[in-house]
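*Asks:* Here is my input, please return the structure:
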Amino acid sequence: MTDPSEDICDALVTFARALTAPDVSLTAAEVRKSDNPLKELDGDQPLLKVFFHASSEDAERIGRGAEVLEHFVITMLVVRKLNAEFTKQVLAIYTRELKAAIRGQRMAGYPQTAEATPVKVDSQQIFDRQQFCSITEFTYSKAGTA
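*Replies:* Numbers count the residues shown, from 1 in each chain. You can find the predicted model right below:
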C-alpha cells in the first residue's frame, strides 16, 4: 500500500514539470518535492523554483458506517529573488497561472476539493532579501473506510 499524500505530491511535481501551456509564461528552473519547504527560504533563490510538500492529512466520518472522507493537503511554495525582469507582479502572475493550471486536476486518482493561500512566512524577512514567496495549499479528498 502506498502513501496517498506522497503519491499526490509526486503527481503534482510531474504535472508542474510537464506544463507547456502558452498561458504559463515562465518556466521554473526547478520543480521538486521538499521535506521542509520553508527551509528553502533560508538562502537567496536566484532562480525560479517550485517546491511541493505533503504537509498534512485528516479524515472525517461520513454516514453511520465505517466510511470516512480523507483529506490530503499538499503545500506548493514558489520562490525567486526579485530583480528588474522578475518583479513581484511578474512572479504573482506566474503563480496564478500555475495554480489555475493545477486547479481541478485529479492527482494520483484524487480530486482536488480545496485551495488556499495562507500567510505563513515572515514577510519582513522576505522583504529584506528582496525575494518573492508564495505558499498555496491544495487539498485532495476521497471517500474510504476507517
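*Asks:* confidence score at the residue lying closest to residue 114 once chain neighbours are set aside?
*Replies:* Spatial nearest neighbour of residue 114, excluding adjacent residues (C-beta to C-beta, 6 or more residues apart in numbering): residue 139 at 3.8 Å. All C-beta atoms are positioned from the backbone trio N, CA, C, and that covers glycine. We note a pLDDT of 97 for residue 139 in this prediction.
*Asks:* again with residue 145
*Replies:* For residue 145, the model assigns a pLDDT of 78.
*Asks:* burial count for it?
*Replies:* Counted with other C-beta atoms under 10 Å, the neighbours of residue 145 add up to 8.
*Asks:* OK, contacts around it?
*Replies:* With contact set as C-beta atoms under 8 Å, 6 or more residues apart in numbering, residue 145 has these partners: 66, 67, 68.
*Asks:* Look up which residues are beta-bridged to the last one.
*Replies:* It stands for residue 68. residue 61, residue 144 (DSSP bridges).
*Asks:* what's near enough to touch it?
*Replies:* 59, 60, 61, 62, 143, 144, 145, 146.
*Asks:* any idea how far residue 69 is from the fourth one?
*Replies:* Plainly put, residue 62 is 5 Å away from residue 69 if you go by C-beta to C-beta, to the nearest Å.
*Asks:* The second one too?
*Replies:* Between residue 60 and residue 69 the distance, using C-beta to C-beta, works out to 5 Å.
*Asks:* quick one: low-confidence parts of the protein?
*Replies:* Low-confidence segments of the chain, defined by pLDDT under 70: 1, 20-28, 42-43, 119-127, 146.
*Asks:* hey, where'd the helices end up in it?
*Replies:* 4-18, 88-102, 123-129 (DSSP state H).
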